[in-house]
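K.L.:
Following is a predicted model, sequence given first.
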Amino acid sequence: MNFITILGCGWFGLPLAKSLLSKGYNVKGSTTSATKLKTLKEAEIMPFQIQLNEQEIIGNVSDFLHETDVLIIAIPPGLRKEILSSEEMTFINKMKILIPYIEKAGIQKVLFVSSTSVYGDRFPIVEYTESTQNHPDTESGRQLVLSEKLLQSNIHFKTTVIRFGGLLGEDRHPIKFLAGRTQIENPDGPVNLIQREDCIGIIIKALDFAYKDKWGETFNAVAPQHPTRKNYYQKKAQQFNFPLPNFVEDTKSKGKIISSKKVETILDYSFQKEIW
């Protein structure tokens, strides 16, 4: 068996790699930090130090991509929210640098971890499916849309895209940043969140398609519960014993509801973890 290769073994990529190992896959993983190579090796992940920037890839990328069945790109855009000028297309430029290496390695299947930030918030609030036209209102969302199109239009490999909502985990929850804050906007906007365990489960389901030659789809992936921001974050603040966040009540709320029906039907995935 060849490798599932994960570009980006961070908060999400590392537990994904460990889950894939437990399923019997051979796994390669990358980190930008030399100190984390030992962590990957101890987990029996074949470790590589790879740094992807706008001009070049630093590290032994050829060996990293060699004998790869599926390349999972799991690196976040890391961009600030406001729209930047066209000269600052940092993330999309990284993808442009990466693609020739994918082609040279002969990789046939890529899985791109994207985000529901490709859909902008709207008033009145609307439901988005995978066939809805993208209207991102953040720079990271805009560059993710361009990256998706760049990868999926490549004739040398096929790319499946999974757009995750806000990621939750035992050590990661947005209430930690919202607790006690005031004048938070859009209290009636729905939340679109997903637990890390479900993200991993969905990718493992998608990989079944990779070995059945059913590849190149786009999936939204968020938990089916969509409480309002106010109800959700005030409830979570109480559960964590944090100060309550306070919301602006005198303006109309923008937002969106992300549908994950395609994940449930096409991938036959049942969500395992509720968000509250």
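P.N.:
That came in fine, so what should we check first? Only a predicted model underlies this, so the values are computations on that prediction, with no experimental measurement involved.
K.L.:
which residues sit in contact with residue 53?
P.N.:
94, 97 (CB atoms under 8 Å, 6 or more residues apart in numbering). C-beta here means a position set from N, CA and C on the backbone, and glycine is covered the same way.
K.L.:
Tell me, what's the model's pLDDT at it?
P.N.:
Looking at residue 53, its pLDDT stands at 88.
K.L.:
so what's residue 166 up against?
P.N.:
Taking CB under 8 Å, 6+ apart as the contact definition, residue 166 lies against 116, 174, 191, 192, 193, 194.
K.L.:
could the residues you listed go into TSV alongside pLDDT, distance to residue 28 and neighbour count?
P.N.:
Shown next, in TSV, are those (pLDDT from 0 to 100; distance: CB to CB, whole Å; neighbours: other CB atoms under 10 Å):
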residue	pLDDT	distance to residue 28	neighbour count
116	97	28	22
174	95	31	17
191	98	34	24
192	98	31	26
193	98	30	22
194	98	25	24
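K.L.:
now, which of those sits nearest residue 149?
P.N.:
Out of the contacts of residue 166, the one with the shortest distance to residue 149 is residue 116. That distance is 16.4 Å, counting by CB to CB.
K.L.:
measure that closest one to residue 162 for me?
P.N.:
When distance is defined by CB to CB, to the nearest Å, residue 116 is 10 Å away from residue 162.
K.L.:
Report the beta-bridge partner residues of residue 29.
P.N.:
On DSSP bridges, the residues paired with residue 29 through beta bridges are residue 6, residue 47.
K.L.:
right, and it touches residue 13 too?
P.N.:
Yes: between residue 29 and residue 13 a contact is recorded at 6.6 Å, counting by CB atoms under 8 Å.
K.L.:
Mind listing the shared neighbours of those two?
P.N.:
Taking CB under 8 Å, 6+ apart as the contact rule, the neighbours common to residue 29 and residue 13 are residue 6.
K.L.:
Who has more neighbours out of these two?
P.N.:
Each of residue 29 and residue 13 had its neighbours counted (other CB atoms under 10 Å), and the higher figure belongs to residue 29 (33 against 22).
K.L.:
OK, contacts around that one?
P.N.:
Each residue near residue 29 by CB under 8 Å, 6+ apart is listed here: 5, 6, 9, 13, 14, 17, 40, 45, 46, 47, 48.
K.L.:
Now do the second one against residue 24, distance only.
P.N.:
It refers to residue 6. Distance check for residue 6 against residue 24: by CB to CB, it reads 16 Å.
K.L.:
any idea where the strands of this protein begin and end?
P.N.:
Along the chain, the stretches classed as strands by DSSP state E are 3-7, 26-31, 46-49, 51-52, 57-58, 68-73, 109-115, 126-128, 158-164, 166-168, 193-195, 218-221, 256-258.
K.L.:
what packs against the fifth one?
P.N.:
With contacts defined as 3 or more CB pairs under 8 Å, 6 or more residues apart in numbering; DSSP states H and E, strand 57-58 has these neighbours: strand 51-52, helix 90-105.
K.L.:
how about these in JSON lines, adding distance to residue 136?
P.N.:
Putting the helices and strands packed on strand 57-58 into JSON lines (distance: least, CB to CB, whole Å) gives the following:
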{"stretch": "strand 51-52", "distance to residue 136": "22"}
{"stretch": "helix 90-105", "distance to residue 136": "12"}
